[in-house]
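# no sequence on this one, just coordinates:
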């Protein structure tokens, strides 16, 4: 097979390979993910909006895609870079190949490149933009096309739902309002299994509307981009914290920090993979976690906020969890709904349920 595509980075490095998925040109930020499996969940994770993902595991596509495993209905990932792409899956559950799904959604992929070298380059120099284009486009023309594309700041509005929708469960005990900044379906499934009816609302839903839904708890979801761009959610958190239990993950965690006077910063290359060690400072135990984020909370900025750091990343000491028990408010940077270990992070949903129990008991006493 003749090489027909190439990817050109901002630093001038160029890699030639074979195209799969949509036959289009795209300019996006390139990040890397160290997971050995889960490319379907990665491809359909809304947090990868406007990002090309370089997979460190060398073989991608070999088990196809299954209808039950999507994290969102319409993938928004910017593209895929893989070492070896397999378009003939061997899996009794598969209904579609990765290339077919990418083509249907206008997402390009490139295979046959040195993904380990790309990973080392990003690790050493930081995340950077790149263009996937035709192999005949010159390096100079590729750089000009890249420079003409501005960095977007509206990723959350692209991936959030436009209208309220519901995910109900039999014999429910709690009503949860989930603010959709790019929520993954497995989070909703986890909440349903905990006995929660979930009302999923757009990211720009007002505090008045959320409280009118009479929630027993509010969940702030993961999502793409810079948390400082998502001002509607930050303002909403300021107005409802202390009035109802709140649980935030990933982008939700960062926005809780911003709502309380904290600051966030963009990391050199972020955390993306399924094996990040996180220490729970409350139990002294280490959890192996799944992560996907470019931004982190500045620890020093939390002084005087009333937020207590509960978890830290053992690789770089970044803030991985916070809480304010008096407000039944807590958050984590990682993804407890997709933890590699069977029990490692599931307890966080139990904490949310316990907080809602406390809240409902207090509300019942006040109304008695």
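It's in. From a predicted model like this one, the values you see are computed outputs, not experimental measurements.
# Every contact and neighbour count from this point should use C-alpha atoms.
OK.
# Could you list the domains of the chain?
If you go by automatic domain parsing, the domain ranges for the chain are 5-151, 156-367.
# and the end-to-end length of the first one?
The first and final residues of domain 5-151 sit 23 Å from each other (CA to CA, to the nearest Å).
# pLDDT on it, on average?
Domain 5-151 comes out with an average pLDDT of 97.
# That one: how far from the chain's middle?
Its chain's C-alpha centre and that of domain 5-151 lie 16 Å apart, by CA atoms, centre = their mean, to the nearest Å.
# The helix of greatest length in the chain - what's its average pLDDT?
Longest helix in the chain by number of residues (criterion: DSSP state H): helix 347-367. Averaging pLDDT along helix 347-367 gives 91.
# Any chance of a markdown table for the domains of the chain, columns mean neighbour count?
Putting the domains of the chain into a markdown table (neighbours: other CA atoms under 10 Å) gives the following:
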| stretch | mean neighbour count |
| --- | --- |
| domain 5-151 | 19 |
| domain 156-367 | 19 |
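# just to revisit the earlier point, tell me which strands and helices the longest helix of the chain is in contact with?
Packed against helix 347-367 by the contact rule (3 or more CA pairs under 8 Å, 6 or more residues apart in numbering; DSSP states H and E) you find no helix or strand.
# what's in contact with it?
174, 190-191, 194, 216-217, 244-247, 328, 336 (CA atoms under 8 Å, 6 or more residues apart in numbering).
# now swap in stretch 136-151 and tell me
Contacts of stretch 136-151 (CA under 8 Å, 6+ apart): 8, 10, 12, 14, 27, 129-131, 133.
# Of those residues, just say which sits nearest to residue 240.
Using CA to CA, the shortest approach to residue 240 within the contacts of stretch 136-151 belongs to residue 129, at 37.3 Å.
# Would you mind confirming that residue 270 makes contact with residue 291?
No. Under the criterion of CA atoms under 8 Å, residue 270 is not in contact with residue 291, lying 9.1 Å apart.
# and the two most separated of the contacts of helix 347-367?
244 and 336 (21.2 Å).
# May I have the predicted confidence score for residue 208?
For residue 208, pLDDT reads 98.
# could you point out which element follows the helix or strand hosting it?
Assigned by DSSP states H and E, residue 208 falls within helix 207-212. Next helix or strand after helix 207-212 toward the C-terminus (DSSP H and E): strand 217-220.
# coming back round to it: same list, the contacts of helix 347-367, but as TSV with pLDDT, distance to residue 120 and secondary structure please.
Formatted as TSV, the contacts of helix 347-367 follow (pLDDT from 0 to 100; distance: CA to CA, whole Å; DSSP: H, G, I helix; E, B strand; the rest coil):
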residue	pLDDT	distance to residue 120	secondary structure
174	98	46	strand
190	94	35	helix
191	96	38	helix
194	95	41	coil
216	98	46	coil
217	98	42	strand
244	98	44	strand
245	98	42	coil
246	98	38	strand
247	98	35	strand
328	98	41	coil
336	91	28	helix
